[in-house]
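Engineer: Dropping a prediction and its sequence here:
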Amino acid sequence: MTTNEALLLVVLVSHIICSLILFYFNYYFLKWYGRIGLLLWCILVGIGIVSSKFYNLDNLINNSLAGKITYYCGLLVSGILYVSNFYAQDAKGKLLFKKRFDIIKNFQELKPISYNQITTMEIPKSYILKVSKTGEILYCSENFQKIFNTDESIIGKNILALNETLGHTDHSWFYETLKNHHWSDESKFIVNNEIKWLSWHNDAILDKNGNIEYIYCTGYEVTKLMQINESLEFKVLHDPLTKLLNYHGIVKKLHEQENVERAVCFFISIQNLDLIQTYYGVGIAEEVIKETSRKVQEYSNRGYLCGRIAGSGNVIIIFNPTDEEISQVVDELEKNILTDVKTNDISIHIKKNIGYAIYPEHTDDLERLLYLSHLAMIDAAHNEHNEVVKYHPQLSKNLEDNISIASKLRDAINHQKIDIYFQKIININTGEVKFLEALSRWKDEELGYIPPQTFLKIAKSSNLIDDLEEYLITQAIHKFAILKRSLEFRNTILAINLSPSTFLHERFVNFIDQQVKLHQLNPSDICLELSENTFIYQLDICNYFISQYKEKGFLIAIDDFGKEYSSLSVLGSLTYDIIKIDGSFVTRIFSRKNQAIIEMIVKIANMYNHLIVAESVETAEQVEALKKLNCFIQQGYYFHEPQKII
């Protein structure tokens, strides 16, 4: 390589280095033609370096006039485009070159600031602010100026006063920065009629004595990120089906409340929603929920807090209500307890269970208000009247007692502390024991005697019913198998009461059959008593399970006939072997009306060759009256009180 070539290569390498430096520091300040010029300059210099390495560039330029003109003109034109860019006028008539000089001067003033903060000033989309410790604006970027929608310079004005013109009256960011020397947060502004979210990072710049000289603020637009966050927060705090606040949203709103002296919470639930879903399907059930929630949402127009807690549970919360306001809402809700919901050309009649609780009358915790109103709603579900139920302390006590009983019940099942008693059912013509009904009895060491209806109800609500029924069935069949060996009970049939959930369960069909075979009994030795509560389910389902038991050889009895749901039409819809007349008819047997009902039931049973059993027989007069009505199989304390026997 000749000396000229080496010199030219050095010059070209220097040019490319300088060009890259200029490109890095000046790219964002250049207009489009300035950028083209700078890029062209870099490209030409780069070509020169590459050509010098592989070719004799000096000879190429010297030997070719066209090459010489092209190369040097390209460098000259690109240089002119680049340099002339700095003399372009901006929209305000100021020289861009001077503006660049001012910015570089500001860089020199901000030497204590980190490199990342300095470089943000080069990004056109950033928002830069420099204020004194009294709030006077010393410098702001063009984007920051746009926030206030004015062509008048805001330099020298007080930033706190300017923020108040936009409705931003919270100046904690300024005082926190003065106090802690740094601060970060997000704020919302409207720029050119568009909502923009800015993430701010403030630093207090100190002089050599450690005193605050000024505050430097850098803002970045995070609108899209905040919109995503808002969308996620909405999903977290709202119910996807009804768009009402969910439990977390309601609790968050409760914690945000201030100056609450009184509050009332109404809890609204749809009764038998599970049956609606089973019969009509999930889609229709959801439409019912949405329609009910829409009615609840209407109360938000009054400023009330509304939400959907779970399932069909909706709440309406009123803060600082008057007595008249509470009474008005109670009356309105009571009038709409029974309503018809129309959806997909289907009209569904629904009943709402509604309860309410008041703060601080019932609790000094706003969040607990949800729990207490829910208890009142549960009480309304068991209320025979269509009314809104107010919470009372006994509901909490009942719940606590039930939880305690549920815990003890589990222990009683596991340790076989529930006894099986038997009551004889007598054929008064022959004196033989026709049936033995198995009855459960539980006496806890602390709580004393607990009625069967109580612990059976608690077993259902605490998901212990399957374990309890398995235990009672096992014990009853085991003890009966022993009694069956005696002469007195050789021809006796065991009667077992089954809850609807147990009777209508495929697993229990096989379970009972296995227990009978295990104790070497015949299915015909067992009579399964079907309670009237089972009739609230569809009759075709009841008949399906009855047929399952009948195929295996079990007897079926309709227990407590006439007590609640059953009617004479039921007798023609079900397959059964025995009718047990409810004791309420026997107790009032001397009423001509009751005698006529019993006589009619007996005639229907005899017509289909079914047995009749009269329950709750307690006097000799009742025995004779039933005998005259051709009811000869009787059960009651007159004959035999339930005993442990084994």
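Structural biologist: Received it, and whenever you're ready, just let me know what you need.
Engineer: Could you check how far I212 is from G219?
Structural biologist: With the distance defined as C-beta to C-beta, to the nearest Å, I212 ends up 20 Å from G219. From N, CA and C alone the C-beta is placed, and that goes for glycine too.
Engineer: so what are the domain limits for this protein?
Structural biologist: The record, using automatic domain parsing to delimit domains, assigns the chain the ranges 3-87, 109-226, 238-391, 409-635.
Engineer: count of neighbours near W173?
Structural biologist: W173 is surrounded by 20 other residues when neighbours are defined as other C-beta atoms under 10 Å.
Engineer: Also Q514?
Structural biologist: Once other C-beta under 10 Å is used to define contacts, Q514 is seen to have 11 neighbours.
Engineer: So it lies in a strand, does it not?
Structural biologist: No. With DSSP: H, G, I helix; E, B strand; the rest coil as the criterion, Q514 is assigned helix and is not in a strand.
Engineer: picking up where we left off before, quick one: which of I212 and G219 has more around it?
Structural biologist: Summary of the neighbour comparison: I212 and G219, criterion other C-beta under 10 Å, with G219 having more neighbours (25 against 14).
Engineer: helix or strand for T430, which one?
Structural biologist: Counting by DSSP states H and E, there is no helix or strand that carries T430.
Engineer: whoops, I mixed them up, I598
Structural biologist: helix 592-607.
Engineer: Kindly confirm my reading that D364 is in a helix.
Structural biologist: No. Following the definition three-state DSSP, D364 is coil and is not counted among the residues of a helix.
Engineer: Check the burial of it by counting its neighbours.
Structural biologist: The burial count assigned to D364 is 9, neighbours taken as other C-beta under 10 Å.
Engineer: so what's it scoring on pLDDT?
Structural biologist: D364 carries a pLDDT score of 91 in this model.
Engineer: do S567 as well
Structural biologist: The model reports S567 with a pLDDT of 59.
Engineer: next one: G448
Structural biologist: So G448 comes in at 91 (pLDDT).
Engineer: That one and T134, how far apart?
Structural biologist: In this structure, G448 and T134 are 78 Å apart, going by C-beta to C-beta.
Engineer: higher neighbour count, the two?
Structural biologist: Taking neighbours as other C-beta under 10 Å, G448 and T134 compare with T134 leading, 11 against 8.
Engineer: Secondary structure class of the more buried one, three-state.
Structural biologist: Following three-state DSSP, we place T134 in the coil state.
Engineer: Show the backbone phi and psi for the nearest residue to it once chain neighbours are set aside.
Structural biologist: Taking C-beta to C-beta, 6 or more residues apart in numbering as the measure, T134 lies nearest to N158, with 7.7 Å between them; neighbours along the chain are not counted. Dihedral pair for N158: phi -90, psi 130, per degrees, to the nearest 10.
Engineer: What's opposite N158 in the beta bridge?
Structural biologist: E136 (DSSP bridges).
Engineer: and it, how many residues sit next to it?
Structural biologist: The burial count assigned to N158 is 15, neighbours taken as other C-beta under 10 Å.
Engineer: so it makes contact with I137?
Structural biologist: Yes. Using C-beta atoms under 8 Å, N158 and I137 qualify as a contacting pair, with a distance of 7.5 Å.
Engineer: show me where pLDDT drops low in the protein?
Structural biologist: Within the chain, the ranges that satisfy pLDDT under 70 run 1-35, 37-38, 41-42, 44-125, 191-192, 532-533, 535-538, 564-570.
Engineer: can you rerun that using 80?
Structural biologist: Along the chain, segments meeting pLDDT under 80 span 1-126, 189-194, 225-233, 278-279, 310-312, 344-345, 384, 531-539, 562-573, 646.
Engineer: quick one: D582 from I589, how far?
Structural biologist: Distance, D582 to I589, by C-beta to C-beta: 12 Å.
Engineer: quick one, which of the two is more surrounded?
Structural biologist: Counted by other C-beta under 10 Å, D582 and I589 do not tie: I589 has more neighbours, with 23 against 18.
Engineer: Quickly find the element holding that one.
Structural biologist: Since the elements are taken from DSSP H and E, I589 ends up inside neither a helix nor a strand.
Engineer: OK, contacts around it?
Structural biologist: Residues near I589 by C-beta atoms under 8 Å, 6 or more residues apart in numbering: Q595, I598, Q622, A625, L626.
Engineer: repeat that with 7 Å
Structural biologist: Q595, Q622, A625, L626 (C-beta atoms under 7 Å, 6 or more residues apart in numbering).
Engineer: Serialize the residues you listed to TSV and add fields for secondary structure and distance to L225.
Structural biologist: Listed next are the contacts of I589 as TSV, based on DSSP: H, G, I helix; E, B strand; the rest coil; distance: C-beta to C-beta, whole Å:
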residue	secondary structure	distance to L225
Q595	helix	82
Q622	helix	82
A625	helix	84
L626	helix	82
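Engineer: Would you check which pair of the residues you listed lies furthest apart?
Structural biologist: Greatest spatial distance in the contacts of I589: Q595 and Q622, 11.5 Å, computed using C-beta to C-beta.
Engineer: May I have the secondary structure class of D559?
Structural biologist: At D559, secondary structure determined by three-state DSSP is strand.
Engineer: Over to I358?
Structural biologist: In terms of secondary structure, I358 is strand; the call rests on three-state DSSP.
Engineer: wait, it sits on E261?
Structural biologist: No. The pair I358 / E261 is not scored as a contact, 11.6 Å apart, by C-beta atoms under 7 Å.
Engineer: So the two - more neighbours on which side?
Structural biologist: I358 (19 against 8).
Engineer: ok, for that one, nearest residue in space, not its chain neighbours?
Structural biologist: Counting by C-beta to C-beta, 6+ apart, I358 lies nearest to V264, which is 5.0 Å off, once chain neighbours are set aside.
Engineer: Mind listing the strands the helix or strand hosting the one you found pairs with, and their directions?
Structural biologist: Secondary-structure assignment from DSSP H and E places V264 in strand 263-270. For strand 263-270, the paired strands and their directions (DSSP bridges) read strand 313-319 (antiparallel), strand 346-359 (antiparallel).
Engineer: how about those in a markdown table, adding distance to D239?
Structural biologist: Converted to a markdown table, the strands paired with strand 263-270 look like this (distance: least, C-beta to C-beta, whole Å):
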| stretch | distance to D239 |
| --- | --- |
| strand 313-319 | 10 |
| strand 346-359 | 18 |
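Engineer: quick one, which of the ones you listed is packed in tightest?
Structural biologist: Mean neighbour counts were taken over these using mean count of other C-beta atoms under 10 Å, and the top value, a mean of 23, falls to strand 313-319.
Engineer: check which helix or strand covers C527.
Structural biologist: Using DSSP H and E, the secondary-structure element containing C527 is strand 526-530.
Engineer: Please give the centre-to-centre distance between that strand and its chain.
Structural biologist: In terms of C-alpha atoms, centre = their mean, to the nearest Å, the centre of strand 526-530 is found 42 Å from the chain centre.
Engineer: Output it as PDB - backbone C-alpha positions only.
Structural biologist: The C-alpha atoms that make up strand 526-530 are tabulated as PDB, following Å, rounded to 0.1, in the frame of the first residue of the first chain:
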ATOM      1  CA  ILE A 526     -86.000 -55.100  54.100                       C
ATOM      2  CA  CYS A 527     -88.500 -52.400  53.600                       C
ATOM      3  CA  LEU A 528     -87.100 -49.000  52.400                       C
ATOM      4  CA  GLU A 529     -89.300 -46.100  53.500                       C
ATOM      5  CA  LEU A 530     -89.500 -43.300  50.900                       C
END
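Engineer: I'm done for today, thanks for sticking with me.
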